[in-house]
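J.: Quick one, fold the following:
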Amino acid sequence: MLHKAVIFGVLLSSLPVWVGSENSSASFHVGAMSCTSCEKAIRSNLAKFKPVEVVLADAGKKRVELKFAPDKVSLQQILKVIAGKDGHYEARLALQYVDDKLSAAQAEKTRAALTKVPGVRAASMPDKDRIILLTFRDQPPAYLPAILKAAEESGGTLRDPESATAN
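T.: Below you'll find the predicted structure:
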């Protein structure tokens, strides 16, 4: 049974994030995932890590979607497990801007704010679908609520890209 957690607690109760279960979902871009064998290897890696539940592993989209308690499991823990012992499946957190009229200036302001979150190494500028990818340092641990809060405070609201297609 997955660890139970209140969705983002009081800290992020005002943020328009993806909610609806006791755990939150997040998507990770895995560039090296190219076939069903890769999907199986990543699922196997994650099956041993009880704090997460695999919702989707899709080699065609190069995406893994997970459910987890975002305030209890660091993003680096998840990325390390996805990568596997040999580090073959390097992953990045994928987030999507809610605003479909996002300006380049606002995207840059939010990107700069995200890189100041402890543990975040870099954040990309959005692609045509308004999706950004984040990479992380080994330490300190980075947690999804802190990332979402930094984005919101800078004026750029982010969500899980899969939540947009699920609605």
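J.: which residues of this protein fall in strands?
T.: Using DSSP state E, the strands assigned to the chain run over residues 24-30, 52-58, 63-68, 91-97, 120-123, 131-136, 158-159.
J.: name the helices or strands packed onto the fifth one?
T.: Read it as strand 120-123. Contacts defined by 3 or more CB pairs under 8 Å, 6 or more residues apart in numbering; DSSP states H and E place strand 120-123 against helix 104-114, strand 131-136. C-beta here means a position set from N, CA and C on the backbone, and glycine is covered the same way.
J.: Need the distance between the two termini of stretch 79-99.
T.: End-to-end distance for stretch 79-99, by CA to CA, to the nearest Å: 27 Å.
J.: could you dump the strands of the chain to TSV with mean neighbour count and mean pLDDT?
T.: Listed next are those as TSV, based on neighbours: other CB atoms under 10 Å; pLDDT from 0 to 100:
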stretch	mean neighbour count	mean pLDDT
strand 24-30	24	94
strand 52-58	17	92
strand 63-68	22	94
strand 91-97	24	97
strand 120-123	18	97
strand 131-136	20	97
strand 158-159	26	95
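J.: Can you check which of these gets nearest to K149?
T.: Ranking the strands of the chain by distance to K149, with CB to CB as the measure, places strand 158-159 first at 10.1 Å.
J.: Note down every partner strand of the closest one and its orientation.
T.: If you go by DSSP bridges, strand 158-159 pairs up with strand 91-97 (antiparallel).
J.: quick one on the thing from earlier: nearest to A41, of the strands of the chain?
T.: Of these, the one closest to A41 (CB to CB) turns out to be strand 52-58, at 9.2 Å.
J.: just how off-centre is that closest one within its chain?
T.: Centre-to-centre, strand 52-58 and its host chain are 12 Å apart (CA atoms, centre = their mean, to the nearest Å).
J.: again with stretch 30-48
T.: Put simply, stretch 30-48 sits 17 Å off its chain's centre (CA atoms, centre = their mean).
J.: cool, and stretch 102-119?
T.: Chain-centre distance of stretch 102-119: 16 Å, with CA atoms, centre = their mean.
J.: List the buried residues for it?
T.: For stretch 102-119, a neighbour-count test (16 or more other CB atoms under 10 Å) marks 102, 106-107, 110-111, 113-114, 117, 119 as buried.
J.: Check those residues and tell me the two furthest apart.
T.: Pairwise distances across the buried residues of stretch 102-119 (CB to CB) peak at 24.3 Å, for the pair L102 and G119.
J.: How about the contacts made by the spatially closest residue to K48 that is not a sequence neighbour?
T.: Nearest residue to K48 in three dimensions, chain neighbours excluded: V81, at 7.5 Å (CB to CB, 6 or more residues apart in numbering). Neighbour list for V81: 45-46, 48-49, 52 [criterion: CB atoms under 8 Å, 6 or more residues apart in numbering].
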